[in-house]
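*Asks:* okay, predicted coordinates and the sequence, questions at the end:
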Amino acid sequence: MKKYVRTIFEWGILIVIAWVLSFGIRTFVLDTRIVPTGSMLPTIQLQDRLIFDKLFFRYGTLERGNIIMFTAPEGSGEHDDLVKRIIGMPGETLEVREGKVWIDGQALLEPYLKEAPNYEYGPIEIPEDSYLVFGDNRNNSKDSHVWGFVPIENIEGRVLLRYWPLEQWGSLD
């Protein structure tokens, strides 16, 4: 009888350790998301599964073109975490006109777009510690042109890779 009790106790400890490790990794290091909308088409397809770096991106720098996961800004009307591409950096002046994004007077080359934006936005200066994010499917994306800036403290992670579907496995860059 002691042998069975000891085995159950050992299994219980292993299960608790596995749960604590899993919780710690998902909370602080890596997380996954399923993309439910087409706002990032053609780069990210509906139902793609992504892995996000939640730890190491904080020790580097965020760059234009990074695809990030973030908590929706207050007043956006969104309640879930969102996935978009960083387009505007702190301190820059951004404008959308003539179907292009203009940053400090220079047109941005965006080969990842589904189609050119059919709206105008700005010019607007991006505050320090904030970013402007757009979906790659500009005309069908609720993003910064609708609800404004994303404060740096709302950014939860940067996309590392797509892990599903398997034939699309790998980096999004």
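*Replies:* Noted; the coordinates are in hand. Numbers count the residues shown, from 1 in each chain.

*Asks:* C-alpha from now on. contacts and neighbour counts both.
*Replies:* Fine.

*Asks:* against Leu160, how distant is Leu46?
*Replies:* Counting by Cα to Cα, to the nearest Å, the gap from Leu46 to Leu160 is 18 Å.

*Asks:* where along this structure do the strands fall?
*Replies:* Along the chain, counting by DSSP state E, strands occupy 30-34, 49-53, 67-71, 81-88, 93-97, 100-103, 106-107, 121-125, 130-134, 150-151, 155-164.

*Asks:* any chance of these in TSV with distance to Asp143 and mean neighbour count as columns?
*Replies:* Formatted as TSV, the strands of the chain follow (distance: least, Cα to Cα, whole Å; neighbours: other Cα atoms under 10 Å):
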stretch	distance to Asp143	mean neighbour count
strand 30-34	18	17
strand 49-53	19	21
strand 67-71	12	21
strand 81-88	8	22
strand 93-97	13	20
strand 100-103	14	20
strand 106-107	20	12
strand 121-125	12	15
strand 130-134	5	24
strand 150-151	10	21
strand 155-164	14	21
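
*Asks:* any chance of the ones you listed in TSV, plus distance to Met40?
*Replies:* TSV is the format used below for these (distance: least, Cα to Cα, whole Å):
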stretch	distance to Met40
strand 30-34	12
strand 49-53	13
strand 67-71	10
strand 81-88	7
strand 93-97	18
strand 100-103	16
strand 106-107	21
strand 121-125	19
strand 130-134	9
strand 150-151	17
strand 155-164	13
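
*Asks:* so how far is Ile34 from Leu82?
*Replies:* Look at Leu82 and Ile34: by Cα to Cα, they are 11 Å apart.

*Asks:* okay, the strands of the chain in a markdown table with mean pLDDT and distance to Pro42 next?
*Replies:* Below are those laid out as a markdown table (pLDDT from 0 to 100; distance: least, Cα to Cα, whole Å):
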| stretch | mean pLDDT | distance to Pro42 |
| --- | --- | --- |
| strand 30-34 | 92 | 15 |
| strand 49-53 | 95 | 14 |
| strand 67-71 | 95 | 13 |
| strand 81-88 | 95 | 12 |
| strand 93-97 | 97 | 20 |
| strand 100-103 | 97 | 18 |
| strand 106-107 | 96 | 21 |
| strand 121-125 | 94 | 22 |
| strand 130-134 | 97 | 13 |
| strand 150-151 | 96 | 23 |
| strand 155-164 | 94 | 14 |
